[in-house]
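# The sequence and its predicted three-dimensional model are supplied below.
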Amino acid sequence: MDLIKDGWFMETNSLWPGMAMCLKVDEILAHVKSPYQDILVFKSTNHGNVLVLDGIIQFTEADEFSYHETMSHVSMNSHPAPRKVLIVGGGDGGVAREVLKHPEVEEVILCEIDEKVVEVCKKHFPSLTSSAFSNPKLKIIFADGLEFIRKNTNRFDVIITDSSDNVGVATPLFGEEYYKLMKSALATGGVACSQGECFWLHSEFIAKMVTLCRDIFPVVDFAVCSMPTYPSGEQGFLLCSLDPKTDFKIPVRKWGAKEVAEYNLRYYNSSVHSAALAPPEWFRSVLHGDHN
């Protein structure tokens, strides 16, 4: 297998030139090609099972909670009453697992284009899928996310786009059309959150996305979490709200020690929420348009 040499998986990609992420492989658990992408699962020496799509690490069992908790709870706790939620992508079940911890939620639709991702993750990542996929509030639809949103108007309180990177099958989810359709699909005061790439590596791209979204939504911001097995160890999330009064830095519902224990949180709390929206100075200037 080209991705694994001498017992090591090495992730290289033009999206992060001149660097690579390596993990030692104990066992290959699955390697299949779906109609959309190459899917690899392996057991690593120190990071548990690992999901790789088209040669790019999506998560490891050791640190997935950082990504999934931040993406889910920063967006959900920025809405006063998130009853109806759409997840585009997220076939591993991690975002669904976290979203369903919110007692206000009445309905979650997970729209995943690749049925094989769900099948593989059910088998090899039960800690992500078991609680979410058995919850009666969750409905899984296998469809193109852009086309699904196009057919739904004024329906969802929160839309979370848990996509892979801006290449291949996920490319349309980073375009202007998609964000305009998300705006139409959101109910009054709705919140959208999308995978936003890494500010160390993609600051110019992020600046363009922020500018694009500010022409569509009244409030746009950017959150960051620590993610050790992603390039540069950081992951970003683009946040948009239809409510001009939204301040993403201040959660509407504050989760402290009680919620951390009740919901078995390992990364997120209200302090982390606010910290995720506090960019380093050089990146703050990028978000405000001064990125020359």
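It's in. This one's a predicted model, so the numbers in the text were calculated from it and none came from an experiment. Residues are numbered from 1 along each chain as shown.
# Run through the bridge partners of Ile57.
The partner list for Ile57 in beta bridges (DSSP bridges) reads Val52.
# pLDDT wise, what is the spatially most central residue of the chain at?
Within the chain, one residue has its C-alpha closest to the average C-alpha position: by Cα atoms, centre = their mean, that is Asp162, at 3.5 Å. At Asp162, the predicted lDDT confidence score is 94.
# The closest residue to it other than its chain neighbours and Thr161: what is the separation?
Leaving aside its sequence neighbours, Asp162 sits nearest to Gly90 (Cβ to Cβ, 6 or more residues apart in numbering; 3.6 Å). Heads up, the C-betas are built off the backbone N, CA and C, glycines and all. Gly90 sits 8 Å away from Thr161 when distances are taken as Cβ to Cβ, to the nearest Å.
# Repeat that for Phe59.
16 Å.
# tell me which residues in the helix or strand of the chain with the lowest mean pLDDT are buried?
Taking mean pLDDT, DSSP states H and E as the measure, the chain has helix 281-287 as its least confident helix or strand, at a mean of 84. With burial defined by 16 or more other Cβ atoms under 10 Å, the residues of helix 281-287 counted as buried are Phe283, Val286, Leu287.
# pretty sure the second one is touching Phe199, no?
Yes. Distance between Val286 and Phe199: 7.3 Å, which falls inside the contact criterion (Cβ atoms under 8 Å).
# contacting residues around Asn135?
Taking Cβ atoms under 8 Å, 6 or more residues apart in numbering, we find Asn135 in contact with Ala96, Leu100, Val108.
# run the last query once more with 10 Å
Gly93, Ala96, Arg97, Val99, Leu100, Val105, Val108 (Cβ atoms under 10 Å, 6 or more residues apart in numbering).
# again, but for Cys193
Cys193 touches 70-72, 74-76, 78, 87, 95, 158-162, 182, 223, 237-241, 248, counting by Cβ under 10 Å, 6+ apart.
# Go again with 6 Å.
Residues in contact with Cys193 (Cβ atoms under 6 Å, 6 or more residues apart in numbering) are Ser75, Ile160, Phe237, Leu239.
# what do you get for Ile4?
Neighbours of Ile4 in contact, by Cβ under 6 Å, 6+ apart: Val25.
# In stretch 48-60, which residues are buried?
By neighbour count on 16+ other Cβ under 10 Å, the buried set for stretch 48-60 is Asn49, Val50, Leu51, Val52, Leu53, Asp54, Ile56, Ile57, Gln58, Phe59, Thr60.
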